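A.B. asks: mind looking at a prediction? Sequence and model below.
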Amino acid sequence: MNDAARLDYKAAAPELMRALSGAHQSVAKSGLPGELIDLVHLRVSQINICAYCVDLHWRDALEKQTDARKLCSIVSWPEAPFFSARERAALRWAEVLTRVADGGAPQHEYVAVAEQFAGAELAALTLAIALMNCYNRLGVGFAQRPAA
């Protein structure tokens, strides 16, 4: 693999990054529980194999004292008993939207998440998922790596 340095996209496009950060901050203020957002961000980053973001969100969740069993089990969340119905719905929706190229966003998946999240909450959750997919593509595309 070529280890040539890639573009520092934050320095190259600071205005665009501020806009993205503003959307991210709006999601944080949306009323969705921070732990739920952290779990969704972590799972999306795992699916996208963004090492930088996995490390970042795992550490953030740990600092916020998210249950360590949840963090260690998120990769197998459908089988783990540690997640609430709302967390399960959010994680499933995150997986569906992150893998949207594989099968779209079927109505039954939408109905399932809409049973747990209504109106503004569902919009904020969906935006949180979309933003993390965007950040992951930046991280992977520009080869960001976690600090050793």
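C.D. replies: Yep, it's here.
A.B. asks: rest of the way, CA atoms for contacts and neighbours
C.D. replies: Noted.
A.B. asks: so where's this protein shaky on pLDDT?
C.D. replies: Low-confidence segments of the chain, defined by pLDDT under 70: 1-3.
A.B. asks: where's the residue most central in space within it, which helix or strand?
C.D. replies: Central residue of the chain (Cα atoms, centre = their mean): residue 41, 2.1 Å from the mean position. Residue 41 is located in helix 34-47, with elements delineated by DSSP states H and E.
A.B. asks: pull the CA atoms of that helix into CSV?
C.D. replies: Presented in CSV, the C-alpha positions along helix 34-47 are these (Å, rounded to 0.1, in the frame of the first residue of the first chain):
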residue,chain,number,x,y,z
GLY,A,34,-26.1,11.4,23.5
GLU,A,35,-25.5,7.7,24.2
LEU,A,36,-27.8,6.7,21.4
ILE,A,37,-26.0,9.0,19.0
ASP,A,38,-22.7,7.7,20.1
LEU,A,39,-23.8,4.1,19.6
VAL,A,40,-25.1,4.9,16.1
HIS,A,41,-21.9,6.7,15.2
LEU,A,42,-19.8,3.8,16.4
ARG,A,43,-21.8,1.2,14.5
VAL,A,44,-21.8,3.2,11.2
SER,A,45,-18.1,3.7,11.5
GLN,A,46,-17.6,0.0,12.1
ILE,A,47,-19.6,-0.9,9.0
